[in-house]
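J.: Here is my input, please return the structure:
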Amino acid sequence: MDKVAVVILNWNGEKFLKKYLPALTANTPDAGVSIIVADNNSSDGSMEYLRQEWPQVRTIVLDKNYGFTGGYNRALAQVEAEYYILLNSDILVPKDWLQPLVSFMDSRPEVGVCQPKMLSEGRHQEILDGYIGKEMFEYAGACGGFIDVLGFPFCRGRVLSNVEEDNGQYDDAVQVFWASGACMVVRSSVWRELGGLDENFFAHMEEIDFCWRAQLAGHQVWAVPQSHVFHVGGGTLPNNSPRKLFFNYRNNLLMLYKNLPVNEGWGAFGLKRGNRNLYIFTRMCVDGLTGLVYLLQFKWSFFTSVIKAHNAFRRMKKETAVTLPDNRRHMPYGISPKSLIIEKLLGRNIKF
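T.: As a prediction, this is how the structure comes out:
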């Protein structure tokens, strides 16, 4: 059995494989590490490219597109390793990216999940070309994720749409609420214990749900900035896509419904012991206000995405199981008592 399995889930990502796989193979140790590409039934020639140019890379070919969640669940069921690394195809890895992550996990058995520092690949390329002097954090993971009092995610290095420059301000390893699925290290034992990703999510927010479930089961989640990678971001689905907005709103509600205690909130708008349904109703009202903003901005497709997401959540919650009974839950770490939206309106930046 390998120590580490680095698994890329590919769907029509031939251009990313051509651009980033050479660096991954060159900068990843051979001993005890396998590189695997699992394919979600691509039609762009990705598998032909791998067979011709990278025969040493193991491939797992799936019969259809199962999304991020279903694809990884089916692929990792066929992989034996102590650690799984879920790696997006649009990630550039530098030299020595892997060892700090593995060493950290080896030394901390209480940690079930971790991520490296994630920087913007586009800005990194500009630095290499001599255009600018600072690297920027990457939106999707930055240096470890948290959630606010209403369940909205944010990161060290990115709050709402504000992304910071990396000046070493987050170079300490810290416990976080969630790790980015773009480059996420998971103990295989924890993966199996939790049953992998929730396939109801299909894509987006599934890693936050996974990390929340891991914490409820007693495993910690950390950011390890001694390792860093560069991420394109939005390579599969653009950040301004109405479809991506739909998944984010729907899946955030599903995540809250699954993982919140049934009879207790965590303090939204003073609801110190509000029940879960009242908490989620409050959150859906806030979603409705953001939908109204989209409508006033004449972003009709964005507005309808919020409505469709809420309708989908109402249908799906009837079949959504609670993660763990309340009396078996560990208290999760990384929930801010403040609201991203309120802090933004007050001109302040939320910190953790």
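
J.: what ranges do the helices span in the stretch 101-250 of the chain?
T.: 121-128, 188-194, 206-216, 242-259 (DSSP state H, counting those that start in this stretch).

J.: So for R58, which of the ones you listed sits nearest?
T.: helix 188-194 (16.2 Å; CB to CB). Quick note: C-beta positions are derived from backbone N, CA and C, even for glycine.

J.: lowest-confidence stretch among the helices of the stretch 101-250 of the chain?
T.: Lowest mean pLDDT within the helices of the stretch 101-250 of the chain: helix 121-128, a mean of 61.

J.: which stretches of the stretch 251-352 of the chain form helices?
T.: With DSSP H, counting those that start in this stretch as the criterion, the stretch 251-352 of the chain has helices spanning 276-296, 300-316, 340-345.

J.: got JSON lines for the helices of the stretch 101-250 of the chain, with distance to Y20 and mean neighbour count too?
T.: JSON lines is the format used below for these (distance: least, CB to CB, whole Å; neighbours: other CB atoms under 10 Å):
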{"stretch": "helix 121-128", "distance to Y20": "9", "mean neighbour count": "16"}
{"stretch": "helix 188-194", "distance to Y20": "24", "mean neighbour count": "17"}
{"stretch": "helix 206-216", "distance to Y20": "20", "mean neighbour count": "25"}
{"stretch": "helix 242-259", "distance to Y20": "21", "mean neighbour count": "22"}
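
J.: Worst mean pLDDT among the helices of the stretch 251-352 of the chain?
T.: helix 340-345 (a mean of 86).

J.: Nearest to R329, out of the helices of the stretch 251-352 of the chain?
T.: Of the helices of the stretch 251-352 of the chain, nearest to R329 by CB to CB is helix 276-296, at 12.8 Å.

J.: Alpha carbons of that closest one, as PDB, please.
T.: Output of helix 276-296 as PDB, limited to C-alpha atoms (Å, rounded to 0.1, in the frame of the first residue of the first chain):
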ATOM      1  CA  ARG A 276     -32.500  24.200  13.500                       C
ATOM      2  CA  ASN A 277     -35.600  25.000  11.400                       C
ATOM      3  CA  LEU A 278     -35.800  28.500  12.800                       C
ATOM      4  CA  TYR A 279     -32.100  29.000  12.200                       C
ATOM      5  CA  ILE A 280     -32.300  27.800   8.600                       C
ATOM      6  CA  PHE A 281     -35.400  30.000   8.000                       C
ATOM      7  CA  THR A 282     -33.400  33.000   9.200                       C
ATOM      8  CA  ARG A 283     -30.600  32.000   6.800                       C
ATOM      9  CA  MET A 284     -33.000  31.600   3.900                       C
ATOM     10  CA  CYS A 285     -34.400  35.100   4.600                       C
ATOM     11  CA  VAL A 286     -30.900  36.500   4.300                       C
ATOM     12  CA  ASP A 287     -30.500  34.500   1.000                       C
ATOM     13  CA  GLY A 288     -33.700  36.100  -0.200                       C
ATOM     14  CA  LEU A 289     -32.300  39.600   0.500                       C
ATOM     15  CA  THR A 290     -29.200  38.800  -1.600                       C
ATOM     16  CA  GLY A 291     -31.500  37.500  -4.300                       C
ATOM     17  CA  LEU A 292     -33.300  40.800  -4.200                       C
ATOM     18  CA  VAL A 293     -30.000  42.600  -4.700                       C
ATOM     19  CA  TYR A 294     -29.300  40.500  -7.800                       C
ATOM     20  CA  LEU A 295     -32.800  41.500  -9.100                       C
ATOM     21  CA  LEU A 296     -32.200  45.200  -8.500                       C
END
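
J.: Return the list of helices and strands in contact with that helix.
T.: helix 242-259, helix 300-316 (3 or more CB pairs under 8 Å, 6 or more residues apart in numbering; DSSP states H and E).

J.: Show me what the shortest one is packed against.
T.: The reference is to helix 300-316. Looks like helix 300-316 contacts helix 242-259, helix 276-296 (3+ CB pairs under 8 Å, 6+ apart).

J.: What residues sit buried inside it?
T.: Using 16 or more other CB atoms under 10 Å as the burial criterion, the residues of helix 300-316 that qualify are F302, F303, T304, S305, V306, K308, A309, H310, A312, F313, M316.

J.: quick one: the fifth one from L296, how far?
T.: From V306 over to L296 the distance is 13 Å, taken as CB to CB, to the nearest Å.

J.: can you check Q226 too?
T.: Distance from Q226 to L296, by CB to CB: 45 Å.

J.: and what of D287?
T.: Relative to L296, and taking CB to CB, D287 is found at 15 Å.

J.: Looking at these two, which is more packed in?
T.: D287 (20 against 9; other CB atoms under 10 Å).

J.: May I have the residues that are in contact with the more buried one?
T.: Y249, L253, V306, A309, H310 (CB atoms under 8 Å, 6 or more residues apart in numbering).
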